[in-house]
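> Give me the fold of what follows.
(chains A, B and C)
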Amino acid sequence: MFALVDCNNFYASCERLFRPDLHNKPILVLSNNDGCVIARSNEAKALGIGMGEPYFKVKSLCNQYQVHIFSSNFMLYGDLSARVMSVIEDSWPHCEIYSIDEAFIDLSTLPVAQHEVFCEQLQKRILKETGIPTSIGIGRTKTLAKIANFIAKKELKTPVFNICNQFEWLNRLPVNEVWGIGRQLHRHLLHMGIYTVADLAAADKQLLKNKFSVVVMRTAMELAGIPCNGLDVREARKSILASRSFGTMITEFSELSEAVSMHCARAYEKLRSEKQLVRHMQVFVRTNRFRDDLAQHNVTMDFNLINPTDDLRCLTSLAKQGLKKIFKQGYYYKKAGVCFNDLISRDSVQLDLFNQPDEEKLAHKDRLMNAMDAINQRYGRKAIALAAQNFNPRWAAHSDLRSPCYTTRWSELALINT
DNA sequence: TCTGGGGTCCTAGGACCC
DNA sequence: TCTGGGGTCCTAGGACCC
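I've put the predicted structure just below:
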């Protein structure tokens, strides 16, 4: 038995937490560059504003209905997420943090009669201790718990819903609400006459495997109540991506180079915090895909590193060399990024027989990187950096509507007037 | 004018091995 | 003219997720 705890309109709820005046008011949270809608309060959903819609398309509607707009503030959301997750982990020993706003819990060791009461209490405790509203779905499998959560949130608007013995719901929900069924699969399933969740649960499993994949087969089995997935144990990350769209389009190599250097530094930060080394790296640039009137140039450059590394100087220098090879004069660039792949734990490095690293240099590198990290940890992210970066670039993304980092920066604490 | 970012998993096909 | 069987590993691309 599984339960899925899912925060309601998570980013919008985070923004509202420190703005009680926005209770019952429509709220939107925007993506980087204030580009697209990535979260909506219920009031904003009621206005017909879609998920992922470009902000400029709904801007006038927002003005008309006085929708409160926020640039995204992931520092805040990440911190509040950690609070929610710690309450869940403190309440039950068998948990899997699935995303920034969701966690599965395995209820198998709890008597069936107590499932709903336990989840109701958990929901109340999270609300009380963090201020974040959640919905909880209960089911025989993770996929059913997901569906139950959907019913709780969207259909019944109750804090907790247990789908066991209430399978008639599966006939009423369209198959694309199922976890793992996206746009393409939905299209194919419709052609096969599979319209509802119940249709998929009853479909021929071998046929699904042959026609699609083992993943779709497992999904259908889970809907039929046969568990194929347990709680996942958190494993080391397999890739780290850092990329951003620019606030304005870029034509100069020097500016692209600054951007790529910045992305290296951001990816490096994650790499170091996870104690991993890079064996493969990509650097890429993109033009604006929405501008049919402009020539397009989207390229990626790959590198294999003979000796795995976490040396920011080395990674940045490589990325810049790659950029030099793929950069072409005369294009309007909209986005750039780097991706670290084929990561390996710092503790288990396989050395190359023919390219032994210089031990002394390696030790020197470690001291330098450790010192850099320590300085940035103590004095803030931008305290020390490679000169290749530019902290005040002309091309920085727009985020004019960002709320304060209420819970992570002393200088931005909420003020209370008495 | 304005259109996000960061991940995972699976499969088919090619290259290679004996 | 006729040309096997059984594997592994890697990669690109596509699908999905939040």
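
> Looking at chain A, which residue is nearest DNA strand C?
Of all residues in chain A, the one sitting closest to DNA strand C is residue A:182 (2.3 Å; CB to the nearest atom of the strand). From N, CA and C alone the C-beta is placed, and that goes for glycine too.

> Just list the residues touching that residue, thanks.
Applying CB atoms under 8 Å, 6 or more residues apart in numbering, we find residue A:182 in contact with residue A:176.

> how about the residues of the stretch 301-418 of chain A near DNA strand C?
Contact residues, the stretch 301-418 of chain A versus DNA strand C (CB under 7 Å from any atom of the strand): residue A:302.

> Please enumerate the strands of chain A.
Counting by DSSP state E, residue ranges of the strands within chain A are A:2-7, A:27-30, A:37-40, A:68-71, A:95-99, A:102-106, A:134-139, A:160-162, A:239-250, A:276-287, A:299-309, A:333-341, A:344-345.

> closest one to residue A:406 among the ones you listed?
Closest approach to residue A:406 among the strands of chain A (CB to CB): strand A:68-71, 12.5 Å.

> In terms of secondary structure, what does that closest one contact?
Under the contact definition 3 or more CB pairs under 8 Å, 6 or more residues apart in numbering; DSSP states H and E, strand A:68-71 sits against helix A:10-17, strand A:27-30.

> Quick one: mean pLDDT for it?
Averaging pLDDT along strand A:68-71 gives 97.

> do that strand and DNA strand B meet at all?
No - Strand A:68-71 lies apart from DNA strand B when judged by CB under 7 Å from any atom of the strand; the minimum separation is 11.0 Å.

> what do you get for stretch A:100-107?
No - remark: stretch A:100-107 sits outside contact range of DNA strand B, by CB under 7 Å from any atom of the strand, the gap being at least 8.5 Å.

> which residues sit against that stretch?
For stretch A:100-107, the external contacting residues (CB under 8 Å, 6+ apart) are A:1-7, A:10, A:77-78, A:81, A:84-85, A:88, A:92, A:94-98, A:115, A:118, A:138, A:142, A:145, A:230-231.

> So which bits of the stretch 151-300 of chain A are right by DNA strand B?
By CB under 7 Å from any atom of the strand, the residues of the stretch 151-300 of chain A that approach DNA strand B are A:209, A:213-215, A:237-245, A:249, A:266, A:270, A:288, A:290-291.

> residues in the stretch 101-250 of chain A within reach of DNA strand C, list them.
Contact residues (CB under 7 Å from any atom of the strand) of the stretch 101-250 of chain A with DNA strand C: A:101, A:102, A:146, A:178, A:179, A:180, A:181, A:182, A:183, A:184, A:185, A:186.

> could I get the strands of chain A as JSON lines with mean neighbour count?
JSON lines is the format used below for the strands of chain A (neighbours: other CB atoms under 10 Å):
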{"stretch": "strand A:2-7", "mean neighbour count": "26"}
{"stretch": "strand A:27-30", "mean neighbour count": "24"}
{"stretch": "strand A:37-40", "mean neighbour count": "20"}
{"stretch": "strand A:68-71", "mean neighbour count": "20"}
{"stretch": "strand A:95-99", "mean neighbour count": "16"}
{"stretch": "strand A:102-106", "mean neighbour count": "22"}
{"stretch": "strand A:134-139", "mean neighbour count": "26"}
{"stretch": "strand A:160-162", "mean neighbour count": "23"}
{"stretch": "strand A:239-250", "mean neighbour count": "18"}
{"stretch": "strand A:276-287", "mean neighbour count": "21"}
{"stretch": "strand A:299-309", "mean neighbour count": "16"}
{"stretch": "strand A:333-341", "mean neighbour count": "23"}
{"stretch": "strand A:344-345", "mean neighbour count": "13"}
